[in-house]
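**Student:** all I have is the shape, not the residue letters:
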C-alpha cells in the first residue's frame with residue numbers, strides 16, 4: 001500500500017501488510033460487485049469496479065478500483081495490483097441528483113398539472129404524466145424535439161407563444177405567463193395557463 005492508502009483508509013501500512021482487501025469490507029459492500037471481481041480474478045482478466053469500503057474509523061467511502069493481474073512466464077498470476085480512487089464525492093452528488101429528480105417528479109404528479117422541463121443545450125424535453133392524464137397525449141420517445149405540445153397549440157395562438165419563447169431564450173424575459181388553446185388527443189380544445197421559468 002502507498003501513502004494515499006493510509007490517508008484514505010486510516011489504516012497504517014503495518015496494519016495493512018499481510019491482510020487482504022476484505023479488511024475494508026463491511027455491511028454495505030456490494031456482494032454482486034465482489035462476485036464480479038472474483039470471477040475476473042479467477043479468469044485472470046482486468047476488472048473495474050465501484051465498491052463501498054470502510055475506513056478504520058468505520059466510516060463508509062466509495063472507491064473505483066482497477067484491478068489487474070500480474071502474470072509470470074508460465075502465465076500464472078503472482079500478484080494483483082489495484083489502483084483505487086476515492087469517488088465518494090461523485091457518488092454522493094449522483095445520489096443527491098437522483099433524489100432531487102425523484103422528488104421533482106413526485107411533486108409534478110401531485111399537482112395534477114402537466115409539468116415540463118426543456119434542456120435547451122441537449123434539445124431534450126421531459127413531461128410529467130399530466131400530459132397524458134390531462135390532454136391524452138404521450139410525449140415523444142426520448143424527449144425529442146419538436147414536441148407534440150407545439151404541434152397542438154392553436155394556430156392563432158402559436159405566433160404569440162413563439163414570440164414569448166423567443167424572449168425567454170434570448171434573456172429578454174425570465175418567464176412566460178400566458179394562456180392559449182391546446183388541442184387534446186380527442187380533438188377538443190383546452191384553455192391552458194402556462195407558466196415557464198428560465199434557469
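**Tutor:** Thanks, I have the structure now. Since we're looking at a predicted model, the values are computed, not measured. Numbering: from 1, shown residues only.
**Student:** now do the buried residues in stretch 97-105.
**Tutor:** By 16 or more other C-beta atoms under 10 Å, stretch 97-105 has no buried positions at all. Just so you know, the C-beta spots here come from the backbone N, C-alpha and C atoms, and that holds for glycine as well.
**Student:** quick check: longest strand of this protein.
**Tutor:** As assigned by DSSP state E, the longest strand anywhere in the chain is strand 60-71.
**Student:** which elements pack onto the longest helix seen in the chain?
**Tutor:** The residue-count maximum for a helix in the chain (DSSP state H) belongs to helix 88-111. Under the contact definition 3 or more C-beta pairs under 8 Å, 6 or more residues apart in numbering; DSSP states H and E, helix 88-111 sits against strand 60-71, helix 130-135.
**Student:** how about those, which one is nearest residue 33?
**Tutor:** strand 60-71 (9.4 Å; C-beta to C-beta).
**Student:** let me know the secondary structure of residue 5.
**Tutor:** Following DSSP: H, G, I helix; E, B strand; the rest coil, the label given to residue 5 is helix.
**Student:** where do the helices sit along the chain?
**Tutor:** Counting by DSSP H, the helices of the chain are 3-9, 13-16, 31-43, 88-111, 130-135, 148-151, 158-170.
**Student:** got TSV for these, with mean pLDDT and distance to residue 194 too?
**Tutor:** Converted to TSV, these look like this (pLDDT from 0 to 100; distance: least, C-beta to C-beta, whole Å):
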stretch	mean pLDDT	distance to residue 194
helix 3-9	94	50
helix 13-16	96	60
helix 31-43	95	45
helix 88-111	88	14
helix 130-135	91	12
helix 148-151	88	9
helix 158-170	91	8
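**Student:** residues contacting residue 68?
**Tutor:** Applying C-beta atoms under 8 Å, 6 or more residues apart in numbering to residue 68 gives the contacts 46, 80, 81, 82.
**Student:** give me the distance between residue 52 and residue 30.
**Tutor:** Look at residue 52 and residue 30: by C-beta to C-beta, to the nearest Å, they are 7 Å apart.
**Student:** what about these two, which has more around it?
**Tutor:** The residue with more neighbours, out of residue 52 and residue 30, is residue 52; 18 against 13, by other C-beta atoms under 10 Å.
**Student:** ok, the more buried one touching residue 29?
**Tutor:** Yes. With contact defined as C-beta atoms under 8 Å, residue 52 and residue 29 form a contacting pair (5.3 Å).
**Student:** hmm, residue 126 and residue 147 touching each other?
**Tutor:** No. Residue 147 lies out of contact with residue 126 (C-beta under 8 Å); the separation is 10.2 Å.
**Student:** mutual contacts of the two, please.
**Tutor:** Shared contacts of residue 147 and residue 126 (C-beta under 8 Å, 6+ apart): residue 139.
**Student:** buried ones in stretch 140-154?
**Tutor:** Those would be 140, 143, 147, 148, 149, 152, 153, for stretch 140-154 by 16+ other C-beta under 10 Å.
**Student:** what's the answer for stretch 67-78, then?
**Tutor:** Buried residues in stretch 67-78 (16+ other C-beta under 10 Å): 67, 68, 69.
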